[in-house]
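Undergrad: I need the structure of the sequence given here:
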Amino acid sequence: MFVRTHAAALLGIDAVPVTVEVHIGSGGVGLHLVGLPDSAVKESEQRIRAAFENSGERMSGRKVVVNLAPADLRKEGAGFDLPIAAGILAAMGRIEADGLDETMICGELSLDGSVRPVRGVLSLALAAREAGLRRMILPRESAAEAAVVEGPAVYGVATLREAIDLLNGTRALEPTRAEALPTDPHDAPAAPYAEDFADVRGQQRAKRALEIAAAGGHNVLLIGAPGAGKTMLARRLPTILPPLTLDEALETTRIHSVAGLRRDSGLLRQRPFRAPHHTASQAALIGGSQPPCPGEVSMAHNGVLFLDELPEFGRSALETLRQPLEDRASVVARAGYRIRYPADFTLVAAMNPCPCGYHGHPTRCCTCPPGAVHRYRNRISGPLLDRIDLQIEVAPLDPAELQGAAAGEPSAAIRERVVRAREVQRRRFEGIDGCRTNARMTAPLVERFCPLDASCERLLERAMRELELSARACDRIRKVARTIADLADRERIEPIDVAEAIGYRRLDRPR
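TA: Sure, this is the predicted structure:
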């Protein structure tokens with residue numbers, strides 16, 4: 001007997017529909033898997049046999065051929081266990097075959113017959129909707145994540161026996177329902193955070209720079225002595241970013257789901273904050289490995305990537321950040337595949353002024369040998385520094401000033417100004433693909449939306465000559481000035497906006 005059902009294979013953050021074809025015939029015995037399965041898929045035979053026995057079923061004694069089509073696409077992972085098992089049981093007559101051709105099934109089987117969660121189910125649900133399938137059968141822990149996609153009915157099962165009874169119609173299960181985020185960010189509730197900018201005393205200039213970064217999506221570098229508050233400030237940046245829109249939440253959740261981090265609920269409610277250690281490899285930052293997995297730059301999509309102790313990262317790892325910072329995507333090219341992961345994040349980096357950390361400190365002496373400060377800062381290449389819009393010195397606070405300072409402005413108040421500035425940008429870039437914030441403007445868009453009058457032009461030209469700025473740095477100054485004007489609700493960029501933007505280029509040095 002021949003039956004057909006559906007599964008899906010992950011390719012990057014997308015899912016490719018896979019047809020599971022099962023034929024039971026004469027002329028042999030055993031289970032034969034074809035269609036380019038990897039080791040995990042080949043091992044499914046033993047898991048399926050044990051799950052059958054512990055669920056009151058038995059494998060056919062005749063030859064069972066399972067084809068995973070298309071045959072030239074490599075199938076990876078244990079998520080094919082449940083669709084293969086369902087197809088075999090349907091071919092044996094133990095499951096009603098009617099409706100299987102309109103069903104996508106995914107799940108890993110344990111030896112006792114229970115169904116384990118799998119990664120990437122949100123992408124699977126999108127693929128099922130595009131294929132016009134009527135329903136999905138998934139592990140119960142993964143069902144809420146897939147249910148946010150309108151279209152196929154999503155049923156969560158805990159065991160193989162539940163899946164069998166559901167397909168036979170002897171067990172009534174309600175489709176899983178999930179609450180989606182509002183499409184308008186103004187209607188979305190603010191995500192709860194443990195941190196708040198009210199905890200930060202002093203550091204007004206650094207807080208102003210982070211507000212500009214949040215409003216325009218600009219990258220930031222914080223430089224200061226140990227204990228000055230760089231990490232404290234960076235960890236609070238997500239608290240002033242606008243709430244995730246529905247499209248942003250879907251895309252971000254897909255990435256985390258493919259990486260295996262979203263198994264217990266629906267959409268992400270908070271913008272991601274990723275802080276990899278400085279020993280992270282190039283593949284860990286950009287993505288890759290086998291099977292392919294998104295890196296930290298993609299895990300921070302629509303959120304913040306925080307690189308503490310920036311000069312301590314490997315030179316090759318830092319240089320690989322240049323392409324994602326420019327293209328807002330990470331392209332992983334290997335001998336067997338080429339995958340493009342989204343990577344639209346705000347970079348926040350922190351570093352000490354020198355190896356010992358106390359160069360320029362008001363009370364402590366720097367113990368670094370001559371030339372060490374220059375070599376330390378040169379670990380960050382000029383092209384990478386060019387891509388960081390805001391370079392801020394975070395000075396240590398005097399103990400008396402720290403104790404006497406009032407509580408800082410709360411994140412909610414700052415976030416209101418950021419949301420207003422983002423709304424100005426949304427209207428400005430309406431109808432322009434790939435541009436949502438000022439930091440994402442291309443050179444033609446900078447010329448169109450960041451015009452400068454004669455006084456602003458003279459100020460920028462003087463800065464370019466004295467600081468020997470590159471053309472890229474010049475464009476980024478104009479983008480930051482545009483964001484400063486947006487926060488002040490000004491239609492045109494004024495000299496005060498350009499002057500403030502130039503003041504944030506602290507590490508630009510003559511070539």
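
Undergrad: what ranges do the helices span in the stretch 301-450 of the chain?
TA: Along the stretch 301-450 of the chain, the segments classed as helices by DSSP state H, counting those that start in this stretch run 315-319, 322-327, 372-377, 382-386, 399-404, 411-428, 443-449.

Undergrad: Out of those helices, which is closest to Thr176?
TA: Smallest distance to Thr176 across the helices of the stretch 301-450 of the chain (C-beta to C-beta): 32.1 Å, for helix 411-428. For glycine as for every other residue, the C-beta is placed from the backbone atoms N, C-alpha and C.

Undergrad: ok, and for that closest one, which residues are buried?
TA: Under the neighbour-count criterion of 16 or more other C-beta atoms under 10 Å, helix 411-428 has 411, 414-415, 417-419, 421-422, 424-425, 428 buried.

Undergrad: And stretch 363-378, by the same measure?
TA: Buried residues in stretch 363-378 (16+ other C-beta under 10 Å): 366, 368, 373, 376-377.

Undergrad: Would you format those as TSV with pLDDT included?
TA: Formatted as TSV, the buried residues of stretch 363-378 follow (pLDDT from 0 to 100):
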residue	pLDDT
Cys366	91
Cys368	92
Val373	90
Tyr376	92
Arg377	88
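
Undergrad: and the helices of the stretch 301-450 of the chain, which one's lowest on average pLDDT?
TA: The weakest mean pLDDT among the helices of the stretch 301-450 of the chain belongs to helix 399-404, with a mean of 68.

Undergrad: Identify the residue spatially nearest to Arg379, adjacent ones excluded.
TA: Distances taken as C-beta to C-beta, 6 or more residues apart in numbering place Pro311 nearest to Arg379, at 4.0 Å, with adjacent residues excluded.

Undergrad: now do Val22
TA: Gly87 (3.7 Å).

Undergrad: which outside residues touch the host helix or strand of that neighbour?
TA: Here Gly87, judged by DSSP states H and E, is contained in helix 81-91. Residues from elsewhere that reach helix 81-91 (C-beta atoms under 8 Å, 6 or more residues apart in numbering): 1-7, 20-24, 31, 33, 44, 47-48, 51-52, 57, 59-60, 64, 66, 95-97, 100, 104-109, 115, 137, 160, 163-164, 167.

Undergrad: Also stretch 139-151?
TA: By C-beta under 8 Å, 6+ apart, stretch 139-151 touches 106-108, 115-118, 121-122, 124-126, 128-129, 136, 138, 154-158, 175-178, 180, 250, 253, 257, 262-267.

Undergrad: What score does Glu76 have for pLDDT?
TA: Looking at Glu76, its pLDDT reads 89.

Undergrad: what's the burial count for Pro291?
TA: Burial of Pro291 is recorded as 12 neighbouring residues (other C-beta atoms under 10 Å).

Undergrad: Count the neighbours of the residue nearest to it when sequence neighbours are not counted for me.
TA: Nearest non-adjacent residue to Pro291, counting by C-beta to C-beta, 6+ apart: Glu76, 4.8 Å away. As a burial measure, Glu76 scores 19 neighbours (other C-beta under 10 Å).

Undergrad: which residues touch Glu76?
TA: For Glu76, counting by C-beta under 8 Å, 6+ apart, the contacting residues are 9-10, 38, 40-41, 291.

Undergrad: So among the contacts of stretch 139-151, which ones count as buried?
TA: By 16+ other C-beta under 10 Å, those give 106-108, 115-118, 121-122, 124-126, 128, 136, 138, 154-157, 176, 250, 253, 257, 262-263, 266-267 as buried.

Undergrad: Pro276 is in contact with Glu312, correct?
TA: No. Assessed by C-beta atoms under 8 Å, Glu312 is found out of contact with Pro276, at 11.6 Å.

Undergrad: what comes up buried for the lengthiest strand in the chain?
TA: Identified as the longest strand of the chain according to DSSP state E is strand 14-25. By neighbour count with 16+ other C-beta under 10 Å, strand 14-25 contains the buried residues 14-24.

Undergrad: could I get those residues as CSV with pLDDT and distance to Ala147?
TA: Putting the buried residues of strand 14-25 into CSV (pLDDT from 0 to 100; distance: C-beta to C-beta, whole Å) gives the following:
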residue, pLDDT, distance to Ala147
Asp14, 91, 19
Ala15, 93, 16
Val16, 94, 21
Pro17, 95, 19
Val18, 96, 21
Thr19, 96, 24
Val20, 96, 22
Glu21, 96, 28
Val22, 95, 28
His23, 94, 33
Ile24, 93, 34
